[in-house]
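> just a sequence and a predicted model for now, questions to come.
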Amino acid sequence: MAFRYIFLLSLVLQLVLRLHVQAQILADKETMQSIQTGIDHIYNYEFTEADAVRRTLQSRYPGHPVTYFIAAFQMYWQYLPIKDNRAKVGEYIRNLDQCLAAVEKQYGKNSGHPEAVFFRLAARGYLALMYNYQNELLKAAGEGQKAYSNLTEALKLTDQNPEFLFVAGTYNYYVEAYPEDHAIVRPLIIFFKDGNKNLGLKQLDLATRKAVITKAEAAYVLAQTYLDHESRPDLATRYTSQLVSDYPNNSIFRMVHIQSLLLAGRYAEAERELPELRKLKSGFFPITWHFFDGYLQEKKYRNDSAAQNHYLTALKTPHDAQYTKEYHAMAYAGLARIADRSGNQSKAKEYYKKCLDLADYKSVRREAKEYL
């Protein structure tokens, strides 16, 4: 998950490189507004409208890296999880490769032009993201190393524009947090600039309030951070509430919002959000709402039998490493609690061991380890 936050310096960043340089796109206020509108359409799953924006950009800036990157950004959301979409993943990678090739053609090899810096960073970031969720951590870290010099340039821009609080915040937090959780990458990032997790959280929060373009991404990063690393779902709900308000059609944002509400003990609010999610019968979404129903039955209604049925149903669908692995882990934890209450401690231990094989959330791992 962390590589998404460090290296998903996505389309939004190219909108905020508002430097005093000769940059065709950056100097065009109408284009900047169009791209911002396109981003909002993508986040809200309005892909037909986003297509129209993209076609306009392609006609206005043929061959520019932005046109290839917008295509990749949209595919990331439209065909998620893109890494598993056999029909589209090849096209997705080609867009990223074409973006890198266009950077070199337009700006020259190893150019320090701000647009060149961004597009190399962002394209390699999406490649790193692919490797991360395919569990090829060394390749992901390798892409991170290639992008590092561009990232350090972006970090210098925080004081010039509040949008760069997102860049600084994600880096400061996850350059510390990621190697804590994945020791294998420590030797590869030993020369990276030190971070500061508390500062990173503050910068990301400022981005949700002061930034415009990076506001949504900063809120999503913060919500996931408070759920995963900080074990503070009560704080995560601050950001997920805003996301579902701004982008009501985004099922991923709604999913994380319901999760945050449940883990924060706000069961009635979570129940009000669930009907929309239950409409999603395909892909990995049934895992999410079956787990949520199980959690409600266990925690709110104290109905272990019904909770057990929902947890087992959630586990019947193969999980996705990026979006639903943690729901499988938490379902196993729920089954372990139920087994323990029924007096079957050996079964509880069996479930907690399965939970540990999957869990990333520190609170979930702590629960399992304390029992075992």
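Perfect, I can see it now.
> how near is the nearest residue to residue 314 once chain neighbours are set aside to residue 261?
Spatially, and ignoring its direct neighbours in sequence, residue 314 is nearest to residue 290 (3.9 Å; Cβ to Cβ, 6 or more residues apart in numbering). The C-beta positions use only the backbone N, C-alpha and C, and glycine is treated the same way. Residue 290 sits 17 Å away from residue 261, going by Cβ to Cβ, to the nearest Å.
> more neighbours: those two, which one.
residue 261 (25 against 22; other Cβ atoms under 10 Å).
> just confirm that one contacts residue 273, I think it does.
Yes: using Cβ atoms under 8 Å, residue 261 is in contact with residue 273, at 7.0 Å.
> number of residues surrounding residue 273?
17.
> my guess is it meets residue 244, correct?
Yes: counting by Cβ under 8 Å, residue 273 touches residue 244, with 7.5 Å between them.
> shared neighbours, those two?
254, 257 (Cβ atoms under 8 Å, 6 or more residues apart in numbering).
> the nearest residue to residue 46 once chain neighbours are set aside and residue 45, how far apart?
Nearest residue to residue 46 in three dimensions, chain neighbours excluded: residue 249, at 7.0 Å (Cβ to Cβ, 6+ apart). Computed as Cβ to Cβ, the residue 249 to residue 45 distance reads 4 Å.
> for residue 110, phi and psi?
In terms of degrees, to the nearest 10, the main-chain angles of residue 110 are phi 60, psi 30.
> one more: residue 279?
phi -70, psi -20.
> next, count neighbours for it.
Other residues within reach of residue 279, judged by other Cβ under 10 Å, total 10.
> make residue 1 into 752 and carry on from there
Okay, using 752 as the starting number, the last item reads as residue 1030.
> residues in contact with it?
Applying Cβ under 8 Å, 6+ apart, no residues qualify as near residue 1030.
> quick check: mean pLDDT across the helix or strand residue 883 falls within?
Element membership for residue 883, per DSSP states H and E: helix 865-884. The average pLDDT within helix 865-884 is 74.
> can you report how many residues neighbour residue 795?
Applying other Cβ under 10 Å, we find 18 residues neighbouring residue 795.
> okay but it is in contact with residue 1002, surely?
No: using Cβ under 8 Å, residue 795 makes no contact with residue 1002, being 10.8 Å away.
> my read is that residue 1077 contacts residue 1113, right?
No: in this structure, residue 1077 is not within contact of residue 1113 by Cβ under 8 Å, at 11.3 Å.
> ok, these two, which is more surrounded?
For residue 1077 versus residue 1113, neighbours defined as other Cβ under 10 Å are more numerous around residue 1077 (20 against 15).
> so which strand or helix has the more buried one?
Judged by DSSP H and E, residue 1077 forms part of helix 1076-1092.
> hang on, the earlier thing: and residue 1000 and residue 796? which has more neighbours close in?
More crowded of residue 1000 and residue 796, by other Cβ under 10 Å: residue 796, with 16 against 13.
> could you chop this protein up by domain?
753-981, 1029-1122 (automatic domain parsing).
> among those, where is the model least confident on average?
Minimum mean pLDDT among those: domain 753-981, a mean of 76.
> state the number of residues packed around residue 1101.
So residue 1101, with other Cβ under 10 Å, has 15 neighbours.
> likewise residue 1069?
Neighbour tally, residue 1069, other Cβ under 10 Å: 9.
> for the one 5 residues further on, same thing?
Residue crowding around residue 1074 was assessed by other Cβ under 10 Å; the count is 20.
> how far away is it from residue 931?
Distance from residue 1074 to residue 931, by Cβ to Cβ: 22 Å.
> how about residue 840?
30 Å.
> who has more neighbours, these two?
In terms of neighbours (other Cβ under 10 Å), residue 840 is the more surrounded of residue 840 and residue 931; the figures are 16 against 13.
> tell me which stretches of the stretch 1002-1123 of the chain form strands.
With DSSP state E, counting those that start in this stretch, there are no strands along the stretch 1002-1123 of the chain.
> swap in the stretch 802-951 of the chain?
For the stretch 802-951 of the chain, applying DSSP E, counting those that start in this stretch gives no strands.
> show the backbone phi and psi for residue 1001.
Backbone torsions of residue 1001, given as degrees, to the nearest 10, read phi -80, psi 110.
> that one against residue 791, yeah?
No: between residue 1001 and residue 791 there is no contact under Cβ under 8 Å: 10.6 Å.
> please say which of the two ends up with more neighbours.
Legend: neighbour count by other Cβ under 10 Å for residue 1001 and residue 791, higher for residue 1001 (20 against 17).
> pLDDT score assigned to the more buried one?
pLDDT, residue 1001: 96.
> what separation do you get for it and residue 887?
In terms of Cβ to Cβ, residue 1001 sits 28 Å off from residue 887.
> cool, and residue 931?
20 Å.
> what does residue 801 give?
Taken as Cβ to Cβ, the span from residue 801 to residue 887 is 30 Å.
> and what of residue 929?
15 Å.
> now residue 992
From residue 992 to residue 887 the distance is 35 Å (Cβ to Cβ).
> need phi/psi at residue 788.
According to degrees, to the nearest 10, residue 788 has phi -60, psi -40.
> kindly report the same for residue 944.
Per degrees, to the nearest 10, the backbone of residue 944 is at phi -60, psi 140.
> ok, the spatially closest residue to residue 1061 that is not a sequence neighbour - contacts?
Spatially, and ignoring its direct neighbours in sequence, residue 1061 is nearest to residue 1045 (3.2 Å; Cβ to Cβ, 6+ apart). Residues in contact with residue 1045 (Cβ under 8 Å, 6+ apart) are 1057, 1058, 1059, 1060, 1061, 1062, 1065, 1082, 1085.
> switch to 10 Å and redo it
Residue 1045 is in contact with 1054-1055, 1057-1066, 1078, 1081-1082, 1085-1086, 1089, counting by Cβ atoms under 10 Å, 6 or more residues apart in numbering.
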